[in-house]
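[1] What follows is a predicted structure for the sequence shown.
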Amino acid sequence: MNAQVISLEPKEVSISITDTDIGILYIIQDELLKESNIDFAGVIIKHPLTNEIWMKITSKTKPLGEMKKAADSAIKMAEEFKQLFNSKIKVN
């Protein structure tokens, strides 16, 4: 996965992400939208042939800090899911 900041303003950031699955970014977007200080969090596929995804975040506070918190929350949720899955499913 590669990420590059396209534009950064005090309350808005646009990021270009390549070589990743959009599903991961949807999870981060969902975590962002749970926060009351997030005004907008959107994810789009720039073009299907370029494998480039854009994410835009608008917040009342620092958007990059909010994205980090959302990513940490998504990682924690994925770890909890993994533990639940491993405790319920036995693979031979």
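    Thanks, I have it. Numbers count the residues shown, from 1 in each chain.

[2] other SSEs contacting the one helix or strand residue 83 maps to?
    For residue 83, the host element (DSSP states H and E) is helix 63-88. For helix 63-88, the elements it packs on are strand 12-18, helix 22-33, strand 52-59, judged by 3 or more C-beta pairs under 8 Å, 6 or more residues apart in numbering; DSSP states H and E. In short, each C-beta sits where N, CA and C put it, glycine included.

[3] average model confidence for that helix?
    Averaged across helix 63-88, pLDDT comes to 92.

[4] That helix versus strand 52-59: what angle between them?
    110 degrees (axes from the mean of the first three to the mean of the last three C-alpha atoms, to 10 degrees).

[5] For the residue positioned nearest the centre of the chain, list the residues it contacts.
    What sits nearest the mean C-alpha location of the chain, by C-alpha atoms, centre = their mean, is residue 28, with 2.8 Å. Taking C-beta atoms under 8 Å, 6 or more residues apart in numbering as the criterion, residue 28 is in contact with 55, 67, 70, 71, 74.

[6] Only the buried subset of those residues, as a ChimeraX command please.
    Remark: buried members of the contacts of residue 28, expressed as a ChimeraX selection using 16 or more other C-beta atoms under 10 Å:
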select :55,67,70,71,74
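
[7] Mind putting the contacts of residue 28 into TSV with distance to residue 3?
    Output for the contacts of residue 28, formatted as TSV (distance: C-beta to C-beta, whole Å):
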residue	distance to residue 3
55	9
67	10
70	14
71	11
74	15
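
[8] just to revisit the earlier point, buried sites along the helix holding residue 83?
    63, 66, 67, 70, 71, 73, 74.

[9] Tell me the confidence at the nearest residue to the third one once chain neighbours are set aside?
    What it means is residue 67. Counting by C-beta to C-beta, 6 or more residues apart in numbering, residue 67 lies nearest to residue 57, which is 5.9 Å off, once chain neighbours are set aside. Reading off the confidence values, residue 57 has pLDDT 97.

[10] Check residue 92 too.
    For residue 92, the model assigns a pLDDT of 61.

[11] about what we covered before: would you mind finding the most buried of the helices and strands packed on helix 63-88?
    Of all the helices and strands packed on helix 63-88, strand 52-59 carries the top mean neighbour count, a mean of 19, counting by mean count of other C-beta atoms under 10 Å.

[12] Thank you, goodbye.
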